[in-house]
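Participant: Can you look at this prediction? I've put the sequence above it.
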Amino acid sequence: MLNLRNLASIIIAVVGLTLSASSSFAQQPDVGDQPGLLADDSVELDPEYRKQVVYYRTSEAPGTIIIATAERHLYLVQGNGRALRYGIGVGREGFQWQGLLNISRKAEWPDWTPPPEMIARQPYLPRFMAGGPGNPLGARAMYLGSTVYRIHGTNRPDTIGTAVSSGCFRLVNADVTDLYERVPVGTKVIVRQKPEL
Amino acid sequence: MRTFRSGLLIGLAAAVVVAAIAITYERYDTRTLSRTTRRGEVLCGVNKGLPGFSIPDDKGNWTGFDVDFCRAIAAAIFDNPKKAKFVPLEASERFKELQNRKVDILSRNSTWSMARETNYDLYFPAVAYYDGEGFMVPRDRKIDTALELNGSKVCVQSETTTQLNLADYFRANNMKYQEVKFGKLDEVVKAYDSGQCDTLTADVSQLYALRLNMAKPGDQVILPDVISKEPLAPVVRQRDDDWMMIVKWTLYAMINAEELGVTSKNIDEALKSRKPDVMRLVGTDGAYGEELGLSKDWAARIIRHVGNYGEVYERNVGSGSKLGIPRGLNQLWSAGGIQYAPPIR
């Protein structure tokens, strides 16, 4: 039964990829979404985007996640004036919203169903893709409230530190797995945007 | 003949009097802003060579955080950052030379303390960079906090406040340690790099600079803990409030600019902004710069030519530099640090 489901997913993915290949002649793929590409784990992040403990003063409780999109950093508050800092890549969706959310669901090697808005923008994307190393959502996903925003891994570690067209808040697979182990469903996530002029 | 000679004498006497008045005026005019504008440049006392803060290249071009701050003042006054002239000063002579009016301002990694203000008749307008003592440890020890250093052998320079702060910190936290001390900093670093100690202590900015020259910089980490207060600030003479205000608000304009998202790259866009905070900063609303004795667009000039606080930080000591010092305490108060500027309004 499970095998049949996986098989179906693979077939759908292959059809999706074929469709995307045909339409991508007309449109250049956006950087950051390369379904099927296997993550290159040897990519070395800039020191600024490597996971590290930093000084961080906040009134938020330990265990809270604070995402600073302009800085391309995600902080996991540790208390006692420090936080665990990860480098992130931010996408178009990640730029539209500021405020407070909670992690509503967690998933390992999540499947990917690009939302209709994304398909409209990038018609070459597959309609569905089963979870795995070639999936742009990477190794783990943490869904935020009932929104389309999520914190996830990536198959493009070279996009950390950049603002790419799609994807919400992406971390390299090792980092997103580390974060996943540290935060439960219900964790407070604060998203902070760059001020507007 | 007699009338000619007396005319000449009167003329000479008048010239002498005028010259004397001019010299006296130049020497005793205590208003730094008018001296600076008359001269056409700001004289900045700086460190002779401190990577990230102030250092000249082989062509005599100065770069650094302290250097850029002085350029920001020149930009505010003259709309030209090149009107800052750098005068290298030793630590021992810096306060005396400021008092002697050899320079208009010190922008030279000087720690603000009460005694320095009261004893030398000086004024530190605002904290430009929060430094303090920290610890370097080998990465493979997997330590996250200085509180895990109990029982360590600590490399430290003797006869310094660093050594005293170290003693206070370990005592206050009920931890034991063993000092491995040397008179010269080079010896301290060499001892640590050759594995004689578990940790090395010095000011955090210094630890990042020292790490660059170690055998394997990537194998060393600097802990986020800061155990002492070394607030580095520019310095001016007392009883010259107009000048002190210019120095203070130049720094605050740079910090406010970062908080409002105004950068050297989007300053033209910011000049068209309808957001009240941004308008007051860039001078499209109000005349705050004129109250300082400058122009309405004083802050816009600073941001255009030098950048906001974050830009200057990252370029010189942060992620855009070799040092790569995380913002830490110097991050904005709203983003995890303690840099906080009063509003322009």
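Facilitator: Right, received. Where do you want to start?

Participant: mind showing which ranges of the chain have poor pLDDT?
Facilitator: I'll assume chain A. Counting by pLDDT under 70, chain A contains low-confidence ranges at A:1-33, A:93-95, A:165-167.

Participant: should've been chain B
Facilitator: Counting by pLDDT under 70, the ranges of chain B that qualify are B:1-2, B:26-27.

Participant: can you list the domains in it?
Facilitator: The record's domain split for chain B, according to automatic domain parsing, is B:1-30, B:32-130+B:232-335, B:133-228.

Participant: winner for burial among the ones you listed?
Facilitator: With neighbours defined as mean count of other CB atoms under 10 Å in any protein chain shown, those peak in mean count at domain B:32-130+B:232-335, which reaches a mean of 20. For glycine as for every other residue, the C-beta is placed from the backbone atoms N, C-alpha and C.

Participant: Endpoints of that one, how far apart?
Facilitator: Using CA to CA, to the nearest Å, the end-to-end distance of domain B:32-130+B:232-335 comes to 36 Å.

Participant: Pairing partners for the biggest strand by length in chain A, with directions?
Facilitator: The residue-count maximum for a strand in chain A (DSSP state E) belongs to strand A:99-108. Sheet pairing of strand A:99-108 (DSSP bridges) gives strand A:140-144 (antiparallel), strand A:188-192 (antiparallel).

Participant: and that strand, how far from the chain's centre?
Facilitator: Relative to its parent chain, strand A:99-108 has a centroid offset of 12 Å by CA atoms, centre = their mean, to the nearest Å.

Participant: buried sites along that strand?
Facilitator: By neighbour count on 16 or more other CB atoms under 10 Å in any protein chain shown, the buried set for strand A:99-108 is A:101, A:103, A:106.

Participant: Need the strands paired with strand A:99-108 in a markdown table (columns: distance to B:Val188 and mean neighbour count).
Facilitator: Output for the strands paired with strand A:99-108, formatted as a markdown table (distance: least, CB to CB, whole Å; neighbours: other CB atoms under 10 Å in any protein chain shown):
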| stretch | distance to B:Val188 | mean neighbour count |
| --- | --- | --- |
| strand A:140-144 | 44 | 24 |
| strand A:188-192 | 40 | 19 |
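
Participant: Determine which of those strands approaches B:His305 most closely.
Facilitator: Of all these, strand A:188-192 sits nearest to B:His305, with 28.5 Å by CB to CB.

Participant: So what touches the closest one?
Facilitator: A:60-61, A:63-70, A:94, A:97-103, A:144, A:149, A:151, B:335 (CB atoms under 8 Å, 6 or more residues apart in numbering or on different chains).

Participant: let's see 10 Å
Facilitator: Contacting residues not belonging to strand A:188-192 are listed as A:58, A:60-61, A:63-71, A:74-75, A:77, A:90, A:94-103, A:142, A:144-145, A:149-151, A:168-169, A:183, B:334-335 [CB atoms under 10 Å, 6 or more residues apart in numbering or on different chains].

Participant: Among those, name the ones in strands.
Facilitator: Per DSSP E, the contacts of strand A:188-192 map to strands at A:65-68, A:74-75, A:77, A:90, A:99-103, A:142, A:144, A:150-151, A:169.

Participant: want to try a markdown table for the strands paired with strand A:99-108, with distance to B:Thr24 as columns?
Facilitator: Compiled in a markdown table, the strands paired with strand A:99-108 are given as follows (distance: least, CB to CB, whole Å):
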| stretch | distance to B:Thr24 |
| --- | --- |
| strand A:140-144 | 71 |
| strand A:188-192 | 57 |
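
Participant: about what we covered before: can the domains of chain B go into a markdown table with extra columns for distance to chain A?
Facilitator: A markdown table is the format used below for the domains of chain B (distance: least, CB to the nearest CB, whole Å):
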| stretch | distance to chain A |
| --- | --- |
| domain B:1-30 | 40 |
| domain B:32-130+B:232-335 | 4 |
| domain B:133-228 | 4 |
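
Participant: now the ones you listed in TSV, with distance to A:Leu38?
Facilitator: Converted to TSV, those look like this (distance: least, CB to CB, whole Å):
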stretch	distance to A:Leu38
domain B:1-30	71
domain B:32-130+B:232-335	29
domain B:133-228	27
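
Participant: what sits against residue 194?
Facilitator: No chain was given, so I picked chain A. A:Lys194 sits next to A:68-71, A:95, A:98, B:261, B:263 when contact means CB under 10 Å, 6+ apart.

Participant: look at chain B instead
Facilitator: Shown in contact with B:Ser194 (CB under 10 Å, 6+ apart): B:Ala215.

Participant: Where do the domain boundaries of chain A fall?
Facilitator: Annotated domains of chain A cover A:1-30, A:32-192 [automatic domain parsing].

Participant: With respect to burial, which of those scores highest?
Facilitator: The most buried one of these (mean count of other CB under 10 Å) is domain A:32-192, showing a mean of 19.

Participant: ok so, going back, what's next to the longest strand of chain A, contact-wise?
Facilitator: Strand A:99-108 is contacted from outside by A:64-65, A:67, A:131, A:137, A:139-147, A:149-153, A:177, A:180, A:183-193, using CB under 10 Å, 6+ apart.

Participant: For B:Val180, identify the helix or strand it belongs to.
Facilitator: Assigned by DSSP states H and E, B:Val180 belongs to strand B:177-182.

Participant: And that strand, how far out from the chain middle?
Facilitator: 31 Å.
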